[in-house]
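# please work out how this folds:
(one chain, ligands or ions: 1)
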Amino acid sequence: MAFEMVGVVGLGTMGAGIAEVFARAGLRVIGVEADADALARGRGHLERSTQRAVDRGRLDGPGRDRILGLITLTTSREDLRDADLAVEAIPEILDHKIGLFRDLDRICKPQTVLATNTSSLPVTALAAATGRPGRVVGMHFFNPAPVMKLVEVVGTVVTDDGLPAEIAELAARLGKTPVTVGDRAGFVVNRLLLPYLNHAAVLLEQCVAGRDDIDAAMTRGAGLPMGPFQLLDLIGLDTAYEVMGVLFDETRDRRHAPAPLLRELVAARLLGRKTGRGFHGDEPMRREPEKSSVITFGVDGPDPAGIGERLRAAGFKSSDEPDVILRAADRPVIEHAVQLRDPAKLVGVRVVGDRVAELAATILTSPEAARCARDLMKVIGLTPVACRDRAGFVTDALLYPYLNDAVRMYESGYASIGDIDTAMRLGCGYPAGPFETLETIGLAVVRDGLRALYAEYREPAYAPAPLLDQLVTAGVRAFPRP
Ligand code: CAA
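Okay, the predicted model is just below:
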């Protein structure tokens, strides 16, 4: 089917981005909003986004005018009668979406494809609400839609044969890479991403580490484009909360229960970028704590990252009566601390990617020793990430369960290794997909890290996925790919 005229219903951040994507590819777009105010906000999104591209030299004035000229804005759904495709991007409330699909089914010509940009609601339920279930699909874009290259194309058990392939072709025409999957809550990306974001909120709530430390661990340490709290603010905390709720309802996995902190922020209307404040926002700039003028240090045990040498090269002195004792560790250090004459001075150090130093303070570590450790790491060019003395510290505690979830997803037959890797790279801007990351870190390292997390938290989902365990046992270092 030739898709030339497309309707987009809902012109919030996602809907406006989707309308822009279609218009950039030369399709005519009818953008629909509920009332004049919402329409004006939608127009504002479109104008700002295209102006931003002009400001960056990615688009010229006539190019912007051509894009905006292809988009007609209206408050009447009836204007969609001639659309070849209608994509909805209204808030994640199933009853509202069902009502909209019934309307679209009545208004649009019989061959029009009805698509939902839902993040997690069942596409099948929307299909069943219409008289054309075979013509209903999921077409899931990622925020910011003009930038992120992935589109998840979701077919249901009643979708016409061949329609997902046609929608995938359309996505390619938009300059996107499609990944075609079945109708499961969260599809590929949100099923893997949102539990990780939720877990970050839980770690924050449990005071394992602070907001900026967690964001720094995942950007500078793990190399992700945004920290979990920066990303939650981009996605919108209300959307994240809704998606977690849907995931939990489907899986009953307690890790999918939305973090209470998310609920509190949503109830306070601190929704992230869209309301100006979420995890990040209005707060005053944090003042850097005063640096201690003289710090002496000791190193306890082996020092694979050469911290002692780097500190001495920077002019710091090791001492028998140090201000802080540093111990290289990839697991909790409390057992070592209690063997020392002064356990209050011990801080565990784990260098991640030679950019971040995770600094694990035990229940006995003094605030002074923790502060000295932070200052010392900055001097040798490492970003300090202060955390409690817990299995996995911050980076591994967040990364390994996500990697494990990806292996379980593949094991369940839902998506291929290649599709999962592509989805996470292009949907979230990750430098590598989970299987590529697993192979880089080493399957055995991740398996053992998961075992340590499991032993500490007794969380069933942290038990290594059987496939991961078996590959390690068999001495295999890569996942089987066709
Ligand atoms: N709208 C339009 N364009 C935008 C934009 C926006 N909101 N934000 C950034 N851009 C564009 C910029 O104009 C720039 O384009 P050019 O290279 O053509 O000039 C490009 O994106 C890069 O932007 P910046 O240099 O300003 O910033 P950056 O390098 O820090 O990248 C980012 C910004 C692309 C957002 C990057 O940080 C990233 O990939 N973050 C991860 C985002 C992510 O994970 N999205 C998925 C969320 S999950 C989801 O959406 C699904 C769901 O259902 C909840």
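
# how deep is the closest residue to the ligand within the stretch 201-350 of the chain tucked in, by neighbour count?
Closest approach between the stretch 201-350 of the chain and the ligand, counting by CB to the nearest ligand atom: residue 225, at 3.8 Å. All C-beta atoms are positioned from the backbone trio N, CA, C, and that covers glycine. Residue 225 has 12 neighbours, counted by other CB atoms under 10 Å.

# which residue sits closest to it, ignoring its sequence neighbours?
residue 429 (4.2 Å; CB to CB, 6 or more residues apart in numbering).

# the one you found contacts residue 148, correct?
Yes - contact criterion CB atoms under 8 Å: residue 429 and residue 148 qualify, at 6.9 Å.

# if we can go back for a sec, sec struct for the residue of the stretch 201-350 of the chain closest to the ligand, please.
Classification of residue 225 using DSSP: H, G, I helix; E, B strand; the rest coil returns coil.

# list the contacts for it?
When contacts are counted by CB atoms under 8 Å, 6 or more residues apart in numbering, residue 225 touches 219, 428-430.

# overlap between those residues and the residues near the ligand?
428-429 (CB under 6 Å from any ligand atom).

# among the contacts of residue 225, name the buried ones.
Neighbour counting with 16 or more other CB atoms under 10 Å marks 219, 428-430 as buried within the contacts of residue 225.

# switch these over to CSV; also include pLDDT and secondary structure.
Listed next are the buried ones among the contacts of residue 225 as CSV, based on pLDDT from 0 to 100; DSSP: H, G, I helix; E, B strand; the rest coil:
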residue, pLDDT, secondary structure
219, 98, helix
428, 98, helix
429, 98, coil
430, 98, coil
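
# ok, stretch 128-144 near the ligand or not?
Yes - for a cut-off given as CB under 6 Å from any ligand atom, stretch 128-144 has contacts with the ligand, namely 142-144.

# tell me the average confidence for that stretch?
In this model, stretch 128-144 has a mean pLDDT of 98.

# straight-line length of that stretch, end to end?
Start-to-end span of stretch 128-144 (CA to CA, to the nearest Å) is 30 Å.

# which of the residues in that stretch are buried?
129-130, 132-133, 135-143.

# again, but for stretch 354-368
Buried residues in stretch 354-368 (16+ other CB under 10 Å): 355-362, 364-366.

# out of the residues you listed, which sit inside strands?
356-361 (DSSP state E).

# now those as TSV including pLDDT and distance to the ligand?
TSV is the format used below for those (pLDDT from 0 to 100; distance: CB to the nearest ligand atom, whole Å):
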residue	pLDDT	distance to the ligand
356	98	18
357	98	24
358	98	23
359	98	26
360	98	28
361	98	30
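
# residue 404 contacts residue 449, doesn't it?
No - look at residue 404 against residue 449 with CB under 8 Å: they stay out of range, at 9.6 Å.

# residue 457 reaches residue 391, doesn't it?
Yes - distance between residue 457 and residue 391: 7.1 Å, which falls inside the contact criterion (CB under 8 Å).

# okay, those two: which has more neighbours?
Taking neighbours as other CB under 10 Å, residue 457 and residue 391 compare with residue 391 leading, 20 against 16.
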